[in-house]
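Participant: Next come a sequence and a model predicted from it.
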Amino acid sequence: MTATMDPITTHVAALERTLRGPQRTRRSMIAEVHAGLLDAADAYQGGGLPPEQAAARAVRDFGTVGEVAPSFQDELTARQGRRAALLFAIVFPGMLLSWDLLWSSGLVRRGGTATDLVVALARLQDAATLLVGITAVALLAVTFRRTVPPRRVTRAVGLTGTAGALTCGGISVAMNFASGHSTVTMLVTNPAAVAAFAGSGTVLTLIVWHAVRTLRVARV
Amino acid sequence: MRPAAVHGHLDGLILAVLEDGPRHGYAIIEALQARSGGALDLPTGTVYPALRRLERAALLSGSWSTVGGRKRRTYTLTRAGKHALATERSEWSQFTAAVEAVLRPAGTS
């Protein structure tokens, strides 16, 4: 490593260490900054400064990590929020649609008729999913606004995903308990049902994981 | 000029600099300093997140290009960006007119 790069590489590495959020965006921002600092150092060298001084001046002009890191983090937080919002906006309605398809296709079949309680829970599930979907889309739109504090939006996205997953998961469990015996029969006799249950469980777990990660980026 | 005063208008300044064509980060910083005659004294590190913020708001579009062996991110004003710039300009002139009118010593016109 040449002496010219040392102050710049050190500064860039120090900045990167403070940042959290989507890895690709983070790397992209750091690479951009690194190139910019090298450009600035080149300009100073062109003006007659020796390489080490040129690099030091470029780093000084850039600002300290403490000064500039919050703005970088804001952008990463915003990106995290946008990604999560998009994920939730797609996956929640997607899961509902998938289950509807499974039931109506007859691949998964439940014996007997549904009780009033199960029907009510199913309606609640629809409403909860719709609410999560609409909220996620609304928050996604908000991520396009420059002046809204990213931490607030991203925190809202994380809470939506967490609450949504816990609510929808909870309603599903309640529905299965309320159906009682027919659930057990279905699981024992129908491998497609087992796969569907396992799939849903996996998806909900992934959603919760992503939502919690989003909350952490927003420093909740 | 105090950094806090500039910071609030940084977005508009960046949009204006990109009006006549795409530029990458350091070139934008240079243009800001050149066009303001060195009066705008911001940490250059604040420009990069501002560029990303403008890109997130779809006012700029960014892409990577390699020139002279160095990969740089170049930004172009989008149509929405042009509208935003026009809005910034008119809001700024309204604002400065209002401030001037109030700051003017009493008894003069």
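Facilitator: Received it, and whenever you're ready, just let me know what you need. Residues are numbered from 1 along each chain as shown, chains lettered A, B, ... in the order given.

Participant: How confident is the prediction for residue 1, by pLDDT?
Facilitator: By default, I'm working from chain A. Looking at residue A:1, its pLDDT is 48.

Participant: The intended chain is chain B.
Facilitator: 56.

Participant: how close does the residue nearest the centre of chain B get to residue B:93?
Facilitator: Central residue of chain B (CA atoms, centre = their mean): residue B:13, 1.7 Å from the mean position. Residue B:13 sits 15 Å away from residue B:93, going by CB to CB, to the nearest Å. C-beta here means a position set from N, CA and C on the backbone, and glycine is covered the same way.

Participant: The biggest helix by length in chain B: which residues count as buried?
Facilitator: The single longest helix within chain B, with elements called by DSSP state H, is helix B:79-103. Buried residues in helix B:79-103, counted by 16 or more other CB atoms under 10 Å in any protein chain shown: B:81, B:84-85, B:88.

Participant: Going toward the C-terminus from the helix or strand of chain B with the lowest mean pLDDT, what's the next helix or strand?
Facilitator: Ranked by mean pLDDT, DSSP states H and E, the weakest helix or strand in chain B is helix B:3-7, scoring a mean of 64. Following helix B:3-7 in sequence order, the next helix or strand is helix B:10-17 (DSSP states H and E).

Participant: what's next to stretch A:90-108, contact-wise?
Facilitator: Contact with stretch A:90-108 is made by A:125-126, A:129-130, A:132-133, A:136, A:164, A:168, A:186, A:190, A:192-193, A:196, A:200, A:203, A:207, as judged by CB atoms under 8 Å, 6 or more residues apart in numbering or on different chains.

Participant: if we can go back for a sec, tell me the one of the buried residues of helix B:79-103 nearest chain A?
Facilitator: Taking CB to the nearest CB as the measure, residue B:84 is the one of the buried residues of helix B:79-103 closest to chain A, at 9.0 Å.

Participant: The closest one - nearest residue in space that isn't next to it in sequence?
Facilitator: residue B:59 (5.1 Å; CB to CB, 6 or more residues apart in numbering or on different chains).

Participant: Verify the stated contact: the one you found with residue B:76.
Facilitator: No - using CB atoms under 8 Å, residue B:59 is not in contact with residue B:76; the gap is 10.3 Å.

Participant: ok, the two, which is more surrounded?
Facilitator: For residue B:59 and residue B:76, the more surrounded residue by other CB atoms under 10 Å in any protein chain shown is residue B:59, and the numbers stand at 24 against 14.

Participant: need the contact list for the more buried one.
Facilitator: Counting by CB under 8 Å, 6+ apart, residue B:59 has contacts A:146, B:11, B:15, B:77-78, B:80-81, B:84.

Participant: Residue B:67 too?
Facilitator: By CB under 8 Å, 6+ apart, no residues touch residue B:67.

Participant: Next, give phi and psi for it.
Facilitator: Main-chain torsions, residue B:67, degrees, to the nearest 10: phi -130, psi 130.

Participant: Show me which residues of chain A are close to chain B?
Facilitator: Remark: the part of chain A in contact with chain B comprises A:28-29, A:31-33, A:35-36, A:38-40, A:43, A:61-64, A:67-68, A:71-72, A:74-75, A:78-79, A:82, A:143-146, using CB under 8 Å from any CB of the partner chain.

Participant: and the residue in chain B positioned nearest to chain A, what is it in contact with?
Facilitator: The minimum distance from chain B to chain A, using CB to the nearest CB, falls at residue B:43 (2.8 Å). By CB under 8 Å, 6+ apart, residue B:43 lies in contact with A:61-64, A:67-68, B:3.

Participant: who does the helix or strand residue A:41 falls within touch, helix- and strand-wise?
Facilitator: Residue A:41 is part of helix A:23-46 when elements are defined by DSSP H and E. With contacts defined as 3 or more CB pairs under 8 Å, 6 or more residues apart in numbering or on different chains; DSSP states H and E, the packing partners of helix A:23-46 are helix A:5-18, helix A:51-62, helix A:65-105, strand B:23-24, helix B:25-35, helix B:47-56, strand B:70-77.

Participant: residues in contact with the residue nearest to residue B:30 when sequence neighbours are not counted?
Facilitator: Once flanking residues are discounted, residue B:30 sits nearest to residue A:43: 7.5 Å by CB to CB, 6+ apart. Listed by CB under 8 Å, 6+ apart, the contact partners of residue A:43 are A:54, B:26, B:30.

Participant: hmm, 10 Å instead?
Facilitator: Residues counted as contacts of residue A:43 (CB atoms under 10 Å, 6 or more residues apart in numbering or on different chains) are A:49, A:54, A:57-58, B:26, B:29-30.
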